[in-house]
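S.K.: Fold the following.
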Amino acid sequence: MCGMRLEDLRDMAKLIQRTLDHVDPRLVEHGKRVALLVTGLARAHGGYTQRQIQDFGMVALLHDVGAYKTEEISSMLRFETEDVWDHSIYGYLFIRDLSPLSEYAQAILFHHLRYDWLRTMDTAHVFLTEILSLADRVDVFLENVGLDKKRLAEYLGQKRGTQFSPEAIDLLWRAEASSGILEGQYAPDDFPAFAGDTVLAPDEVVGYLEMLIYAIDFRSQHTVTHTITTTQISLQLSRIMGFDGQGQEKVFLGALLHDIGKIGIPVEILEFAGKLSPQAMAVMRTHVMITDEILGDCIDPAVKRIAVRHHEKLDGSGYPAGLCADDLSMAERIVAVADIVSALCGTRSYKEAYPKAKALSILKAQAAQGLLDPQVVTLLSDRFDGIMEAVSRKCVPVLEMYHRMHQEYAEIRACFTEDIRSRTLEAVRF
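M.R.: This next block holds a predicted model:
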């Protein structure tokens with residue numbers, strides 16, 4: 001896929017880490033450590049392929065992803081937490097519907113369920129759920145108590161067969177004896193050692209990148225809708241302008257990633273109902289630098305340039321680098337136009353979508369001022385209805401999916417009785 005390094009699972013794991021770091025690095029560090037424990041336990045078991053083990057590692061890295069949405073981050077890293085289901089349910093739905101790891105989603109839903117309850121249920125990937133549950137609590141124990149193996153053994157002995165699987169506990173001690181999983185392997189610098197040399201298929205690459213874009217919904221659902229719209233407008237324009245397959249792919253990926261840095265912008269600025277102050281606008285503009293930092297060296301340089309140059313103008317008045325026409329490729333110019341169209345034609349909590357005539361009038365004025373590429377603006381104007389119809393076909397299913405997720409979240413939440421809640425709470429207490 002365009003020579004992208006993201007075909008390497010290691011680079012994809014690094015990209016995921018850097019993206020979520022901008023929401024809250026505490027859970028990323030926790031996820032990294034749990035991933036190392038989970039993959040170590042799976043290797044000690046010996047019954048899984050290298051690719052399965054690597055998938056287990058990605059699931060473990062993302063196992064608390066729902067806490068980014070439900071604002072449970074501080075409580076998740078304590079010995080005791082009052083309710084573990086909110087983030088578990090949302091994480092389950094997110095991984096099931098919005099990631100390439102959907103087959104493992106139930107492990108995230110039930111990773112706080114007691115072992116003696118789990119073994120009575122008809123659920124997929126029981127072993128992964130068992131080792132994920134154990135690794136999660138072992139990590140919190142070690143972070144709060146320290147590497148006191150005697151105390152850890154006492155704790156796990158008390159919970160053996162009730163909160164935690166005896167097989168998983170035995171695997172932990174076997175892995176510690178053979179490879180020092182609690183000491184040598186259990187080091188953040190090793191991350192993402194579990195990834196090996198796995199090469200992702202093109203659809204997996206896109207799946208993980210789309211997952212990260214959807215993760216911005218934790219901060220602003222509008223930003224997700226805007227990104228999807230920008231991506232589809234850019235792709236349609238590149239096709240009409242005769243870009244070859246690789247060219248279209250680079251435009252698609254650059255547009256898809258162009259606002260990933262907004263995951264690091266405060267919600268009160270992302271969702272501010274009105275014109276931003278100069279100070280707030282300065283913060284908002286940093287999303288481009290954050291995008292640059294997140295993408296790092298994990299992606300094709302041409303794709304990265306498309307992503308980080310969408311606010312540059314042909315006359316040099318844009319940001320962050322003040323580039324001029326000679327510096328900007330046609331792909332970069334396309335995404336710059338598509339970004340503005342998406343912003344004008346999208347709705348926000350404080351504004352309605354601009355009608356076609358007003359949106360095109362603004363674009364043509366900017367082209368006349370030497371800010372936007374006139375060829376791209378003319379083409380968009382001529383094909384506007386067809387392009388926006390294609391965009392709508394892509395966006396409507398995404399919005400419907402969000403609605404279904406929120407509805408299903410409430411339905412699943414209501415199914416868990418107080419008895420299940422109380423018995424689950426015991427599993428996360430030390």
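S.K.: Return stretch 123-134 as PDB; C-alpha atoms alone will do.
M.R.: The C-alpha coordinates for stretch 123-134 follow below in PDB (Å, rounded to 0.1, in the frame of the first residue of the first chain):
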ATOM      1  CA  THR A 123     -18.700 -16.700  25.000                       C
ATOM      2  CA  ALA A 124     -16.000 -16.600  22.400                       C
ATOM      3  CA  HIS A 125     -12.300 -16.500  23.200                       C
ATOM      4  CA  VAL A 126     -12.500 -17.500  26.800                       C
ATOM      5  CA  PHE A 127      -8.800 -18.000  27.200                       C
ATOM      6  CA  LEU A 128      -8.000 -14.500  25.900                       C
ATOM      7  CA  THR A 129     -10.600 -13.100  28.400                       C
ATOM      8  CA  GLU A 130      -9.000 -15.100  31.200                       C
ATOM      9  CA  ILE A 131      -5.500 -13.900  30.600                       C
ATOM     10  CA  LEU A 132      -6.600 -10.400  29.800                       C
ATOM     11  CA  SER A 133      -8.500 -10.200  33.200                       C
ATOM     12  CA  LEU A 134      -5.400 -11.500  35.000                       C
END
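S.K.: Can you mark which positions in it are buried?
M.R.: Buried residues in stretch 123-134, counted by 16 or more other Cβ atoms under 10 Å: 125-134. Just so you know, the C-beta spots here come from the backbone N, C-alpha and C atoms, and that holds for glycine as well.
S.K.: try stretch 239-251
M.R.: 240-241, 243, 247-251.
S.K.: Of those, which is the nearest to residue 9?
M.R.: residue 249 (19.6 Å; Cβ to Cβ).
S.K.: what about whatever helix or strand the closest one lives in, distance to the chain center?
M.R.: Taking DSSP states H and E as the criterion, residue 249 maps to helix 245-257. Relative to its parent chain, helix 245-257 has a centroid offset of 19 Å by Cα atoms, centre = their mean, to the nearest Å.
S.K.: Check stretch 205-222 too.
M.R.: With Cα atoms, centre = their mean, you get 5 Å for stretch 205-222.
S.K.: In terms of secondary structure, what does whatever helix or strand comes next after the helix holding residue 249 contact?
M.R.: Sequence order places helix 267-270 as the next helix or strand after helix 245-257, per DSSP H and E. Helices and strands touching helix 267-270, as assessed by 3 or more Cβ pairs under 8 Å, 6 or more residues apart in numbering; DSSP states H and E, comprise helix 278-295.
S.K.: quick one on the thing from earlier: max pairwise distance over the buried residues of stretch 123-134: which two?
M.R.: Top of the distance list for the buried residues of stretch 123-134 (Cβ to Cβ): 125 and 134, 14.3 Å.
S.K.: Nearest to residue 45 among the buried residues of stretch 239-251?
M.R.: Closest to residue 45, out of all of those and judged by Cβ to Cβ, is residue 249, at 38.6 Å.
S.K.: Can you work out which other helices and strands pack against the longest helix along the chain?
M.R.: Secondary structure of the chain per DSSP state H: the longest helix is helix 384-415. Using 3+ Cβ pairs under 8 Å, 6+ apart, the elements in contact with helix 384-415 are helix 85-98, helix 221-240, helix 356-368.
S.K.: Report the distance from the last one to the chain centre.
M.R.: When you say that, I think you mean helix 356-368. The answer for helix 356-368 is 34 Å, by Cα atoms, centre = their mean.
S.K.: likewise stretch 269-276?
M.R.: The chain centre lies 23 Å from the centre of stretch 269-276; the measure is Cα atoms, centre = their mean.
S.K.: Check what pLDDT residue 390 gets.
M.R.: Listed pLDDT for residue 390 reads 88.
S.K.: residues contacting it?
M.R.: Residue 390 makes contact with 232, 236, according to Cβ atoms under 8 Å, 6 or more residues apart in numbering.
S.K.: Okay, now the unreliable bits of the stretch 51-200 of the chain?
M.R.: Applying pLDDT under 70 to the stretch 51-200 of the chain picks out residues 69-83, 184-196.
S.K.: likewise the stretch 201-350 of the chain?
M.R.: In the stretch 201-350 of the chain, residues with pLDDT under 70: 217-220, 347-350.
S.K.: so where do the helices sit in the stretch 1-150 of the chain?
M.R.: 9-21, 25-45, 50-61, 67-70, 73-76, 85-98, 105-109, 115-118, 126-145, 149-159 (DSSP state H, counting those that start in this stretch).
S.K.: Ok, which of the ones you listed comes nearest residue 370?
M.R.: The nearest among those, by Cβ to Cβ, is helix 9-21 at 34.7 Å.
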